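> Predicted structure and sequence below. I'll ask about it afterward.
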Amino acid sequence: QMQFVESGGGSVQPGGSLRLTCVASGFNFDYYAIGWFRQAPGKEREGVSCVTKSDGSKWYSGSVKGRFTISRDDVKNMVWLQMNNLKLEDTATYYCATCIGPETTTPEDSWGQGTQVTVSS
C-alpha cells in the first residue's frame, strides 16, 4: 500500500521560505508522477505541483508558479517542495501524493498526515 510521510512545515512570516520533504514507500515510486497538494481550513484540497516520472516535466498551479519548485529523487523515493516568497494564502496543510497535473491518483486511505504551513505576520 502507498505510504507518504511529509515533513518540513512550520510558521513563517510573509516573504519567508520553507522546504517540504516527502518520503514515499509501498509502491514503485519511479513509475508515478508525484506531487504536492494542500488544504486550507474550510476549503477543498487543491493541487499545488506535480512532477512526472519520465522527463521530469513539472506542473504548478497558477497561485504558486514562480515561487515554488518541486523536485524528486527516484533512488531515495523522496520529493521536495521549495517554497519561497510565501504569502498568507499559502497557509494550509500540505500533502504529497501521486498525481496527474492538479489531480491525484492516490487512494484516500493512503494519504499521509501532512505537514502544516502557517504564514502570518
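Nice, I can see it.

> I'd like the distance between the residue nearest to the spatial centre of the chain and residue 7.
Closest to where the C-alpha atoms of the chain average out (C-alpha atoms, centre = their mean) is residue 36, at 2.1 Å. Using C-beta to C-beta, to the nearest Å, we find residue 36 at a distance of 13 Å from residue 7. All C-beta atoms are positioned from the backbone trio N, CA, C, and that covers glycine.

> For the two, list the residues in contact with both.
Jointly contacting residue 36 and residue 7 under the rule C-beta atoms under 8 Å, 6 or more residues apart in numbering are 20, 22.

> that older thread, pLDDT score for the residue nearest to the centre of the chain?
Predicted confidence (pLDDT) for residue 36: 98.

> residues in contact with it?
20, 22, 47-50, 70, 79, 81, 94-96.

> Who wins on neighbours among those?
Top of those by neighbour number is residue 96, holding 31 neighbours under the definition other C-beta atoms under 10 Å.

> Quick check: mean pLDDT of the helix or strand containing it?
Using DSSP states H and E, residue 96 falls within strand 92-100. Average pLDDT, strand 92-100: 97.

> Would you list the strands that that strand pairs with, along with their directions?
Here strand 92-100 is paired, per DSSP bridges, with strand 34-39 (antiparallel), strand 103-104 (antiparallel), strand 115-119 (antiparallel).

> Residue 89 is nearest to which of these?
Ranking the strands paired with strand 92-100 by distance to residue 89, with C-beta to C-beta as the measure, places strand 115-119 first at 7.9 Å.

> okay, the closest one in CSV with CA atoms only?
Coordinates of each C-alpha in strand 115-119 appear next as CSV, following Å, rounded to 0.1, in the frame of the first residue of the first chain:
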residue,chain,number,x,y,z
THR,A,115,2.7,19.0,7.3
GLN,A,116,1.3,22.3,8.4
VAL,A,117,2.5,25.5,6.9
THR,A,118,1.4,28.7,8.5
VAL,A,119,2.2,32.1,7.1
